[in-house]
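Enquirer: Have a look; sequence and predicted model below, questions after that.
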Amino acid sequence: MSARKQVEVAAAVIERPDGTFLLGRRPPDGIYSGWWEFPGGKVESGETPHDAMVRELQEELGITVEHAYPWIMREHAYEHAHVRLHFFRVTQWSGELRDLQHDLLSWQQADDVAVAPVLPANAPVFAGLRLPLQYGITHAVEIGVVAQLEKLDLALAMGLRLVQLREAELPGDQREIFVNEAVCLCHQHGARVLVNGDVELARRARADGVHFASAPLMALRERPGFELVAASCHTPAELAHAAHLNLDFVAVGTVQPTLSHPGRAALGWEAFAALIRDFPLPVFALGGLSPDDLEVARLHGAHGIAAIRSIWGE
């Protein structure tokens, strides 16, 4: 922890249905003038970060927040202060956006941010915003390779854009063939795909990344060189290690009873929210979930949901 003054800040990712979000440029008469940032401001005494976010958007933009999700908390040591930024994703608001404190506003896309410079505390957030809200996990070992590839193709055609190939129990040659075919299929649809646990297989198949179970995660000493690196976490220690390695996201569960881990006690939503509170990485809720659970998952701090059977329509 830095010796600098610690400042709690609420920041808002104000999103339109087309996926663009709002950035504001700091005016010329203040600190970091000319830099771009997410709207927001300091959390005042007696306020929650959510309350501060609502107040700041009224003061800065003249809008009233109607619907917002807690998301991630990023820390950054500036020269003047150590800031803790509590990010919220604002999807509904009322009132006309007005530029009351910034000297310019701009709608941007996470994969093509066209303004600069951006405050360094905010730049890592763009990668998280590129992640879709659903993370599909394969189980070809249970339903068969052909059936899984068919279900994968259908889900991709319907919009699935993030996939984990979780097939450690497939025989070696069969696993290699499946992973290669699945990676090609994902890339044909513009989806990103991670291989579970096997770094070399992920490289050979030209996957976008690798996903580690909790035990291999704890043995990891440095982040592998992939675009995406993720892990499954169940404890505060595992979450802390994932953050230390600067992974791209984690899956946390199990939230509800699941056929994949029949002996594991379910967390429930309140314990899930407490476990991931103030976590710096996007979190996919995992365990007995379906797309119907996406809203409640996001209200409890999840980025989205990860699922096996429900993603494939089972």
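Expert: It's in.
Enquirer: And the pLDDT at the nearest residue to residue 229 once chain neighbours are set aside?
Expert: Of all residues not flanking residue 229 in the chain, residue 247 sits nearest, at 5.0 Å (C-beta to C-beta, 6 or more residues apart in numbering). Yep, even glycine has a C-beta here, placed from its N, CA and C like the rest. If you check residue 247, the pLDDT there is 97.
Enquirer: which SS state does residue 247 fall under?
Expert: Classification of residue 247 using DSSP: H, G, I helix; E, B strand; the rest coil returns coil.
Enquirer: what's the neighbour count on it?
Expert: 24 (other C-beta atoms under 10 Å).
Enquirer: Could I get the phi/psi values of it?
Expert: Backbone geometry at residue 247, expressed as degrees, to the nearest 10, gives phi -70, psi 170.
Enquirer: what does residue 67 give?
Expert: Torsion angles, degrees, to the nearest 10, at residue 67: phi -150, psi 130.
Enquirer: Touching, it and residue 94? I think so.
Expert: No: assessed by C-beta atoms under 8 Å, residue 67 is found out of contact with residue 94, at 10.3 Å.
Enquirer: out of the two, which sits in the more crowded spot?
Expert: Neighbour tally, residue 67 and residue 94, criterion other C-beta under 10 Å: the higher count belongs to residue 67, 11 against 8.
Enquirer: So what pairs up with the more buried one in the strands?
Expert: Beta bridges link residue 67 to residue 92, judged by DSSP bridges.
Enquirer: give the contact list for it.
Expert: Neighbour list for residue 67: 90-93 [criterion: C-beta atoms under 8 Å, 6 or more residues apart in numbering].
Enquirer: Got a PyMOL select line for the buried ones in the residues you listed?
Expert: The following PyMOL line selects those of those that are buried, judged by 16 or more other C-beta atoms under 10 Å:
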select buried, resi 90+91+93
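Enquirer: farthest-separated two in the contacts of residue 67?
Expert: Greatest spacing in the contacts of residue 67, by C-beta to C-beta: 91 and 93 (8.3 Å).
Enquirer: before we move on, back to that, turn the contacts of residue 67 into TSV, including pLDDT and distance to residue 41.
Expert: Listed next are the contacts of residue 67 as TSV, based on pLDDT from 0 to 100; distance: C-beta to C-beta, whole Å:
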residue	pLDDT	distance to residue 41
90	98	14
91	98	20
92	98	21
93	98	16
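Enquirer: Show me the strands in the stretch 151-300 of the chain, by range?
Expert: Taking DSSP state E, counting those that start in this stretch as the test, the strands found in the stretch 151-300 of the chain are 162-165, 192-196, 209-212, 228-233, 249-252, 283-286.
Enquirer: Can you tell me which helices and strands the fifth one packs against?
Expert: Taking 3 or more C-beta pairs under 8 Å, 6 or more residues apart in numbering; DSSP states H and E as contact, the helices and strands that strand 249-252 lies on are strand 228-233, helix 236-244, helix 269-276, strand 283-286.
Enquirer: change it to 6 Å
Expert: Contacts defined by 3 or more C-beta pairs under 6 Å, 6 or more residues apart in numbering; DSSP states H and E place strand 249-252 against strand 228-233, strand 283-286.
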